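Kindly return the folded structure for what I paste below:
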Amino acid sequence: QLQLVESGGGLVQPGGSLRLSCAGSRFTFDRYTIGWFRQAPGKEREGISSITSSGASTVYADSVKGRFTISRDNAKMTVYLQMDTLKPEDTAVYYCAATVGVLSMREGAYDYWGQGTQVTVSS
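Purely as a prediction, here's the structure:
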């Protein structure tokens, strides 16, 4: 079973940057599409970005497009989410998830989930 561990969250001021990491536990990590999701207090979890197994294709939610960048290093079994120009409304718990399926930001498409990492954007 694939295990995912997120890291890199923390407290940052508006306009600042953070880089989240999602580390996988299996050598077949390069077969999985990885998605990033977030859940703010009192809100439903939303998909914000996804990357195919090879890294060739990516997709972003409109709310983060132009500010966030997803990438992966399969040799390190890690997917990254570079978050720039952060806003208070980006405050949420961020999760990564994996699927052997196609690129998707739909929560139900993913089979494996990490425990999440907290991102707080505040002055």
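
Just list the residues touching the residue nearest the centre of the chain, thanks.
Central residue of the chain (CA atoms, centre = their mean): residue 36, 2.6 Å from the mean position. In this structure, residue 36 makes contact with 20, 22, 47-50, 70, 79, 81, 94-97, judged by CB atoms under 8 Å, 6 or more residues apart in numbering. Any C-beta I mention is one placed from the backbone N, CA and C, and that applies to glycine too.

Could you say which helix or strand holds it?
strand 33-39 (DSSP states H and E).

and after that strand, which helix or strand comes next?
Under the assignment DSSP H and E, the closest C-terminal helix or strand after strand 33-39 is strand 46-51.

list the buried ones in that following strand?
Neighbour-count burial for strand 46-51, counted by 16 or more other CB atoms under 10 Å, picks out 47-51.

How about stretch 60-77?
60-61, 64, 68-70, 72, 74, 77.

From residue 77, how far off is the nearest residue to residue 38 once chain neighbours are set aside?
In this structure, residue 38 finds its nearest non-sequential neighbour in residue 92, 3.9 Å apart by CB to CB, 6 or more residues apart in numbering. Remark: distance between residue 92 and residue 77 (CB to CB, to the nearest Å) = 24 Å.

Same question for residue 34.
For residue 34 relative to residue 77 (CB to CB), the value is 10 Å.

Also residue 89?
Note on residue 89: its distance to residue 77, by CB to CB, is 31 Å.

What of residue 105?
Counting by CB to CB, the separation of residue 105 from residue 77 is 22 Å.

With residue 19 instead?
16 Å.

try residue 24
Distance, residue 24 to residue 77, using CB to CB: 4 Å.

Also residue 61?
Look at residue 61 and residue 77: by CB to CB, they are 25 Å apart.

repeat for residue 59
21 Å.

sorry, back to before: how about the buried residues of stretch 60-77, which pair is most distant?
Farthest-apart pair in the buried residues of stretch 60-77 is 61 and 77; separation 24.7 Å (CB to CB).

ok so, going back, now the angle from the strand holding residue 36 to strand 46-51?
Relative orientation of strand 33-39 and strand 46-51, computed by axes from the mean of the first three to the mean of the last three CA atoms, to 10 degrees: 160 degrees.

Fine by me, thanks again.
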